[in-house]
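Visitor: Pasting the sequence and the predicted coordinates here, then a few questions.
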Amino acid sequence: MVSRAGQNALRLAAGGALVFASVQRTDHYRVLGKHILRWEGSEAAAFFSRPVRSAATLTYTHQLLLLLPNRGKPVLIGQYGGIVNATGH
């Protein structure tokens, strides 16, 4: 098993590898005029007790399971993740 900065790879007997990796994504929102962002009914609601009137930043982390065959394209077998941090005003 190879381990680097949140990534692990296992060689497969038939060739290729199974890779576990983490990726992080940050989304930025800017509110224009007198509009507001409401997060009701979404996972972001856990981070915001009030509507956002100016700007917000949401950070997501996703853990991926990939099959990397010897030939052909990589296949995403599964993913798990969601918002890990959020700020807004």
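Guide: Received the coordinates, thanks. Small disclaimer: the values here were computed from a predicted structure and weren't measured.

Visitor: quick one: residue 15 from residue 65, how far?
Guide: According to C-beta to C-beta, to the nearest Å, residue 15 stands 18 Å off from residue 65. From N, CA and C alone the C-beta is placed, and that goes for glycine too.

Visitor: Please disregard the earlier target; I meant residue 40.
Guide: Residue 40 sits 32 Å away from residue 65, going by C-beta to C-beta.

Visitor: These two: which is more packed in?
Guide: Under the neighbour definition other C-beta atoms under 10 Å, residue 40 and residue 65 were set side by side, and residue 65 has more, 14 against 8.

Visitor: Distance check, that one against residue 13.
Guide: Counting by C-beta to C-beta - residue 65 and residue 13 are separated by 18 Å.

Visitor: Could you pull up the residues touching residue 58?
Guide: When contacts are counted by C-beta atoms under 8 Å, 6 or more residues apart in numbering, residue 58 touches 26-27, 29, 44, 47, 83, 85-86.

Visitor: For these, could you give me JSON lines that also reports distance to residue 9 and secondary structure?
Guide: Putting those into JSON lines (distance: C-beta to C-beta, whole Å; DSSP: H, G, I helix; E, B strand; the rest coil) gives the following:
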{"residue": "26", "distance to residue 9": "26", "secondary structure": "strand"}
{"residue": "27", "distance to residue 9": "29", "secondary structure": "strand"}
{"residue": "29", "distance to residue 9": "35", "secondary structure": "strand"}
{"residue": "44", "distance to residue 9": "33", "secondary structure": "helix"}
{"residue": "47", "distance to residue 9": "33", "secondary structure": "coil"}
{"residue": "83", "distance to residue 9": "27", "secondary structure": "strand"}
{"residue": "85", "distance to residue 9": "27", "secondary structure": "strand"}
{"residue": "86", "distance to residue 9": "31", "secondary structure": "strand"}
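
Visitor: just curious, which of those is nearest to residue 56?
Guide: residue 29 (4.5 Å; C-beta to C-beta).
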